[in-house]
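In: return atomic coordinates for the entry below.
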Amino acid sequence: MPTRRPGWRPVRALPGLASAGRRHRGRAVKDFVKGVKDESGDAELQPLPPFPPPDIPRKQASVSLLELTYDNLPTHCFGGSKAICVIALLPESAPKCPEAVLDLARRNRNDPVQFAWLRAHKQPEFVQGFGLELSGLPKLVAVKVGKRNRFAVLDCDMSELKPMGAFVDRILGGDMTFKPLKPLPELEPAYLQGMSDEDEGGVASEEQRAEEDVDAEDKVEL
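Out: Here you go, the predicted model:
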């Protein structure tokens, strides 16, 4: 048991000190709870940070490239859903559509452009309708059909995509100068391609001879 020194007295709490301490602790707790509530309330009012939209791939349209013929010219090139028709006029030395033209059609598949290619050496009148000659082929011709038919020409060998792509970009961007096109050139059907006037006359003569033979048979029967 501890011994007490002479004159030692136990220390008594000062009047009101204990109650003041309790009030201070209670006020501190209330302030802390109030601060937590305020912070949580402010956090609820603040909107969530925006998230970047997901990368949605653009839907790719089919490639609009066809060989131009007598039948599809009015429905796909000089008519149809596309406002512009770009035609690759090929010389006799080009047996098929160049790969660069196919790449061009693939590059602009989502644009309002119909691409076509033509064995132009078989259609001299069609080529002349654009003020061109067979000896100057190949050429890339863009045609806009509407109230005022217009066209533009690019002189290139069609082996590179870059100049043809720049040509189409200028058209789509409204920076191309067009020439009036009157009237719209027409294609000859396949059975008349390469046929001379003498051949046409020969066909007509054969038809006339056939009619004469029929008339002769009718007269014999009578």
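In: what lines up beside the helix or strand that contains L140 in the sheet?
Out: Following DSSP states H and E, one finds L140 within strand 139-144. Each strand that pairs with strand 139-144, with its direction, by DSSP bridges: strand 84-90 (antiparallel), strand 150-154 (antiparallel).
In: name the residues that touch the shortest one?
Out: So the one you mean is strand 150-154. Strand 150-154 is contacted by residues 130, 132, 139-144, 163-164, 167, 171, 176-181 when judged by Cβ atoms under 8 Å, 6 or more residues apart in numbering. Bear in mind the C-beta positions are built from the backbone N, C-alpha and C, glycine included.
In: show me where this structure has its strands.
Out: Using DSSP state E, the strands of the chain run over 65-67, 84-90, 113-119, 139-144, 150-154, 179-180.
In: could you dump those strands into CSV with mean neighbour count added?
Out: Output for these, formatted as CSV (neighbours: other Cβ atoms under 10 Å):
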stretch, mean neighbour count
strand 65-67, 15
strand 84-90, 25
strand 113-119, 23
strand 139-144, 20
strand 150-154, 19
strand 179-180, 10
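In: just so I know, which of these lies nearest P98?
Out: With Cβ to Cβ, the closest approach to P98 among these belongs to strand 84-90: 7.1 Å.
In: what's that closest one in contact with?
Out: With Cβ under 8 Å, 6+ apart as the criterion, strand 84-90 contacts 68, 76-78, 97-98, 101, 104, 112-121, 127, 132, 137-145, 158, 168, 171.
In: next one: stretch 103-119
Out: 58, 60-68, 76-77, 80-90, 92, 94, 97-98, 101, 126, 161, 164-165, 168, 171-172, 187.
In: start to end distance for that stretch?
Out: One end of stretch 103-119 sits 19 Å from the other (Cα to Cα, to the nearest Å).
In: with stretch 97-116 instead?
Out: End to end - Cα to Cα - stretch 97-116 spans 9 Å.
In: so where's the protein shaky on pLDDT?
Out: 1-26, 28-49, 51-59, 194-222 (pLDDT under 70).
In: repeat that with 50
Out: For the chain, applying pLDDT under 50 flags the ranges 197-207, 210, 214-222.
In: looking at the strands of the chain, which is nearest to P50?
Out: strand 113-119 (36.8 Å).
In: picking that back up, restricted to buried residues, select the contacts of stretch 103-119 in ChimeraX.
Out: One line in ChimeraX is enough to select the buried ones among these; burial here means 16 or more other Cβ atoms under 10 Å:
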select :64,65,68,76,77,82,84,85,86,87,88,89,90,94,97,98,101,126,161,164,168,171,187
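In: just checking, which of the contacts of stretch 103-119 belong to helices?
Out: Residues of those located in helices (DSSP state H): 101, 126, 161, 164-165, 168, 171-172.
In: what is the nearest of those residues to N72?
Out: With Cβ to Cβ as the yardstick, the closest approach to N72 among the ones in helices among the contacts of stretch 103-119 comes from F126, at 13.6 Å.
In: which residue sits closest to the closest one, ignoring its sequence neighbours?
Out: Nearest residue to F126, sequence neighbours excluded (Cβ to Cβ, 6 or more residues apart in numbering): P185, at 4.5 Å.
In: same question, T69
Out: What sits nearest to T69 in space, not counting adjacent residues and going by Cβ to Cβ, 6+ apart, is L187, at 6.9 Å.
In: what residues does the one you found make contact with?
Out: Going by Cβ under 8 Å, 6+ apart, the list of residues near L187 reads 68-70, 73, 118, 123, 126.
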